[in-house]
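Peer 1: Give me the fold of what follows.
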Amino acid sequence: MQNGYYWGTGRRKSAVARVRIRPGQGNFIINKKGIKDFFRVERDQQYIVEPLNAAGVGKNIDVFVNVVGGGTSGQAGAIVLGLARALLKMNPEYIGPLREGHYLTRDSREVERKKYGRAGARRRFQFSKR
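Peer 2: Alright, predicted model coming up:
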């Protein structure tokens, strides 16, 4: 616990989320915006509150997130991991529901780098017989 907050860091693709939580009224602030202003897609909005619901603390926790890099789905995945880690620091008894929902698992898939002599990571240039 640091300055009244529990911290958690989440990463997904090239996105990094720093999550702070504390007991409160259920506020969810992402980069100084509300959850509905930051994530326009309903699926992402529901995905990032799933760890709170799994732990059973939905409206009793204030969440403050700083997220940089990546796109919307990568940022949502980073927030979920960071939130789950912060909840675990807050109360170690939440490990069961968070593990069952796979919220504590880092998705390690990254973009494959472009290779020399190729059009992309794997695609070759068009073959010309003549």
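Peer 1: helix, strand or coil for the residue positioned nearest the centre of the chain?
Peer 2: Nearest to the geometric centre of the chain sits residue 78, at 2.0 Å (CA atoms, centre = their mean). Secondary structure, DSSP: H, G, I helix; E, B strand; the rest coil: residue 78 is helix.
Peer 1: what do you get for the one 3 residues further on?
Peer 2: Under the three-state scheme (three-state DSSP), residue 81 adopts helix.
Peer 1: Report pLDDT for the spatially closest residue to it that is not a sequence neighbour.
Peer 2: Leaving out its chain neighbours, the residue that sits closest to residue 81 by CB to CB, 6 or more residues apart in numbering is residue 10, at 3.2 Å. In this view, the C-beta of every residue, glycine as well, is placed from N, C-alpha and C. At residue 10, the predicted lDDT confidence score is 96.
Peer 1: Could you do residue 26 as well?
Peer 2: Value for residue 26, per-residue pLDDT: 89.
Peer 1: Chain neighbours aside, what residue packs nearest to it?
Peer 2: The nearest residue in space to residue 26 (CB to CB, 6+ apart) is residue 59, at 3.7 Å.
Peer 1: in a strand, that's where that neighbour is, yeah?
Peer 2: No. Counting by three-state DSSP, residue 59 falls outside a strand, being coil.
Peer 1: So what's the residue count around it?
Peer 2: As a burial measure, residue 59 scores 11 neighbours (other CB atoms under 10 Å).
Peer 1: coming back round to it: name all residues that make contact with the residue nearest to the centre of the chain.
Peer 2: 10, 11, 12, 15, 16, 17, 67, 70 (CB atoms under 8 Å, 6 or more residues apart in numbering).
Peer 1: same deal with residue 50?
Peer 2: 80, 101, 103.
Peer 1: got it, and residue 66?
Peer 2: 17, 18, 31.
Peer 1: In terms of helices and strands, where is it?
Peer 2: Secondary structure assignment for residue 66, by DSSP states H and E: strand 61-68.
Peer 1: got it, and residue 88?
Peer 2: Counting by DSSP H and E, residue 88 is found in helix 72-90.
Peer 1: Just give me the neighbour total for residue 110.
Peer 2: 10.
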